[in-house]
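1. Curious how this folds, go ahead:
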Amino acid sequence: MSKRPLHIRTMDVFSYIVASLRFAYHQRQEKKLYGDYFFSYTPLHKGESIRILANGPSLNKELEELISKNIDLSNSLVLNYFVSSDIFTKIKPRYYCLADPLFFTEENYTEKVHKLFEELNKVDWEITLFVWIQGVATINKYVQNKNITIKGISTLTYEGSESRRNEYYEKGIAVPSYVNVTIMGLYVLLNLGYSEICLYGVDHTFLKEIVIDDDNDLCILNQHFYGDEFRKYNEIRDGIKWGVSEFIYNYYLTFVEHKRMRNYADYLGASIINCTHASWIDAYTRIAQMEKQSENNIQS
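-> Below is the predicted model:
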């Protein structure tokens, strides 16, 4: 195999140096603002299994199956607007993650966000709520419940040497991109030391949700297990109104981060099992694969 041209390799080295310097600068800034906030790996729950109950439409059927087997669903992590479902107070989950930037931008709060905070303030069991470190002060203003422990997690991503990524995740000095809240949930549980994480409701069938209206505006049919919501996607980032290309690229990054989480789990000796049969995620072992292997072993 021929070597890459010298000028390309030189640019790679230069890009790595720039990325490392940028990372070091932002790391110092975060430490100055928030102190020693690093969320490093702990073997606290080594050998234990837990599940993430995401908000995809498939979760309704999966919950029925889990409940029919009398499985204790309190040993779970839930995400974003899960609190708006009736099942939330019945299963009393152990962990909660908020990752949408909307939750940490007080001036943009909607009635739906305020309703989420109201429901969290009714929680009568112990639960740990993970949020962006930048949003801790704001969330503390709206969530004042002695049963809820609020834990701030960094949003500082690392784009330098790939070989150092897992080491930085383990030390808690860098995190994956929270382009999807499920990624944040996986990172949290892996660094809490869980050896097995089972994913439910992670359909990730995003392309099925896109509609372009007669005004050429991107519209999204947000499908969740607790109901659907159709809306125009009027988000503007860096002065650009999002269209199809930005939307698809955003979810391309989601699948990239899932592969990184698979690599991180392997690095820690943990496993992530995709228990969502309709899921588009291909980074993890599927429960169907495990069931098929088990059947083959029995037959042999």
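2. only C-alpha atoms for contact and neighbour calcs from this point on.
-> Noted.
3. Pull out the buried residues from stretch 152-167.
-> Neighbour counts over stretch 152-167 (16 or more other Cα atoms under 10 Å) mark 152-160, 165-166 as buried.
4. Just flag the most distant two among those residues.
-> The span of the buried residues of stretch 152-167, defined through Cα to Cα, is set by Gly152 and Gly160 at 23.8 Å.
5. Outline the domain layout of this structure.
-> Per the record, the chain has its domains at 1-35, 37-299, by automatic domain parsing.
6. Backbone dihedrals for Tyr109, please?
-> Main-chain torsions, Tyr109, degrees, to the nearest 10: phi -60, psi 140.
7. cool, Val83 as well?
-> phi -60, psi -20.
8. Kindly report the same for Ala54.
-> Torsion angles, degrees, to the nearest 10, at Ala54: phi -80, psi -180.
9. count of residues packed around it?
-> 25 (other Cα atoms under 10 Å).
10. so what's the nearest residue in space to it that is not next to it in sequence up against?
-> The shortest distance from Ala54 to any residue other than its chain neighbours is 4.7 Å, reached at Gly201 (Cα to Cα, 6 or more residues apart in numbering). Contact analysis of Gly201 by Cα atoms under 8 Å, 6 or more residues apart in numbering lists 53-59, 62, 225, 276.
11. What's the separation between Gly201 and Leu63?
-> 9 Å (Cα to Cα, to the nearest Å).
12. cool, Asp72 as well?
-> Between Asp72 and Leu63 the distance is 11 Å, computed by Cα to Cα.
13. So for these two, which residue has more residues nearby?
-> Each of Asp72 and Leu63 has its neighbours counted (other Cα under 10 Å); Leu63 has more, 18 against 12.
14. On the three-state scheme, that one is what?
-> Judged by DSSP: H, G, I helix; E, B strand; the rest coil, the three-state class of Leu63 is helix.
15. can you pull out the helices in this structure?
-> 6-34, 59-68, 87-91, 111-120, 136-142, 162-171, 181-191, 244-268, 287-299 (DSSP state H).
16. which strands and helices sit next to the fifth one?
-> On a contact count with 3 or more Cα pairs under 8 Å, 6 or more residues apart in numbering; DSSP states H and E, helix 136-142 meets strand 148-153.
17. Could you please name the strands the strand it packs on pairs with and the direction of each pair?
-> Next to strand 148-153 in the sheet, as set by DSSP bridges, lie strand 127-132 (parallel).
18. CA atoms of the strand it pairs with as CSV?
-> Extracted in CSV, the C-alpha atoms of strand 127-132 (Å, rounded to 0.1, in the frame of the first residue of the first chain):
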residue,chain,number,x,y,z
ILE,A,127,-33.4,9.7,41.2
THR,A,128,-30.2,11.2,39.7
LEU,A,129,-30.7,13.8,36.9
PHE,A,130,-27.8,14.3,34.5
VAL,A,131,-27.6,17.6,32.6
TRP,A,132,-25.1,19.7,30.8
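19. averaged over its residues, what pLDDT does that strand have?
-> The average pLDDT for strand 127-132 rounds to 97.
20. do the same with stretch 208-217
-> On average, stretch 208-217 scores 86.
21. May I see the buried residues of it?
-> 210-211, 217.
22. for it, the distance to its chain's centre please.
-> 26 Å (Cα atoms, centre = their mean, to the nearest Å).
23. Tell me the span between the first and last residue of that stretch.
-> Terminal-residue distance, stretch 208-217 (Cα to Cα): 16 Å.
24. and what of stretch 95-107?
-> End to end - Cα to Cα - stretch 95-107 spans 27 Å.
25. before we move on, what about stretch 76-95?
-> Using Cα to Cα, first and last residues of stretch 76-95 are 6 Å apart.
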